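what follows is a predicted protein model with its sequence.
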Amino acid sequence: KILTHGDVDLYAHDVNLLAPPNYLNDSILSFVFSVLSRDVFRGIPQLHLVNSAVASCLVLQCDDEEDLDDLRRGLGIGTDDTLFICVSDRSDLAGISSHWSLLVYDGSGRLLPPGFAHFDSCGKSNSASARVMASACSRLLRLPEEACSVREMGAAQQQNGFDCGAYSLVHAVLLAARLADVEGVEAGEGDFRWPPLLAELLEKQREAAELLEMAEDISPDCVSEF
C-alpha cells in the first residue's frame, strides 16, 4: 500500500496507471474524489463526490428498496444536493470498463439547471451509461421518472484513447471550483499535497478552464476541442 486517503487505498499497480498511456482505474478516481471532498472542497455544503465503488454498487447491485434505503442513509444525500459521479461503461460485475465520463446531478440549480448533466470527453460515447446511472440515482433520490433525463454538455475532448479518466477528474475540479465561488467558499488543499503524477494530471484543468468558465456558455449538444 502506497497511499491512503479516507477509506481509499492506493497500491503500486494503481499508481503505475498514472503514467501514460494507461487508463485510470476506479481506485485512482475514488482517491482523487476523496481528496477533493475531504480537503479541497470540504466547505461546500451538500456536495457529494461519489466513490466509484459506491456508484458501481448503485447500478449493478442495488436491486431493491432496502438496498437503496441503506445506501441513501450511508451517503446522507437529499434531492436538493449536488452529486458528482464518474460513470463507467461497465455493464456487469464481471465486465471491464473502457471509458469514463462525469455525471452531475444538481437538485437545486445552484451550479447547473436542475437535473442531470453529462460531461463526456469523447463525444457522446458514454451517453447510454450516463442514462443508466441517472436512472439509478433517480431511484436512490426517489425522484419522479421524468426527472432522470440527461442533458449532454460541452466538454473538453481527449486527444487519445486513454485520458478519459483524467478528463472526468478535470471537469469535476473545474465544476466544483465554480460551485465554491457560487457558495462563497474558499477552496484549499490544507496540509494535503498531491503526489507528483496526480499533480501533473490535474494541471490539465488550466487548459480546460476557459471552456467551463461560465455555466451559460455550456449548451446541450455542444462539444468543444480540448
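Sure, I can see it. Numbers count the residues shown, from 1 in each chain.

helix or strand, whichever it is, which one in the chain has the lowest mean pLDDT?
The weakest-scoring helix or strand in the chain, judged by mean pLDDT, DSSP states H and E, is helix 204-208 (a mean of 55).

strands of this structure, residue ranges please.
Using DSSP state E, the strands found in the chain span residues 3-5, 8-10, 47-50, 82-88, 100-106, 115-119, 150-152.

would you single out the least confident of those strands?
Of all these, the minimum mean pLDDT falls on strand 3-5 (a mean of 86).

thinking again about what came up before, got TSV for the strands of the chain, with distance to Gln158 and mean neighbour count too?
Where C-beta positions appear, they are placed from N, C-alpha and C, glycine not excepted. TSV is the format used below for those (distance: least, Cβ to Cβ, whole Å; neighbours: other Cβ atoms under 10 Å):
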stretch	distance to Gln158	mean neighbour count
strand 3-5	25	14
strand 8-10	23	19
strand 47-50	21	21
strand 82-88	14	26
strand 100-106	10	25
strand 115-119	12	23
strand 150-152	16	19
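
Glu145 contacts Ala134, correct?
No. The pair Glu145 / Ala134 is not scored as a contact, 11.1 Å apart, by Cβ atoms under 8 Å.

of those two, which one has the most company?
A direct count of neighbours by other Cβ atoms under 10 Å for Glu145 and Ala134 places Ala134 higher, at 24 against 9.

contacting residues around that one?
Contact analysis of Ala134 by Cβ atoms under 8 Å, 6 or more residues apart in numbering lists 103, 105, 116, 148-150.

what do you get for Ser135?
Residues counted as contacts of Ser135 (Cβ under 8 Å, 6+ apart) are Cys148.

cutoff 10 Å now
59, 116, 143, 145, 147-150 (Cβ atoms under 10 Å, 6 or more residues apart in numbering).

how close does it sit to Arg142?
Distance from Ser135 to Arg142, counting by Cβ to Cβ, to the nearest Å: 13 Å.

ok, Ala53 next?
In terms of Cβ to Cβ, Ala53 sits 23 Å off from Arg142.

now do Glu66
Per Cβ to Cβ, Glu66 is found 14 Å from Arg142.

who has more neighbours, these two?
Comparing Glu66 with Arg142 by other Cβ under 10 Å, the one with more neighbours is Arg142, at 13 against 9.

please consider this matter closed, and thank you.
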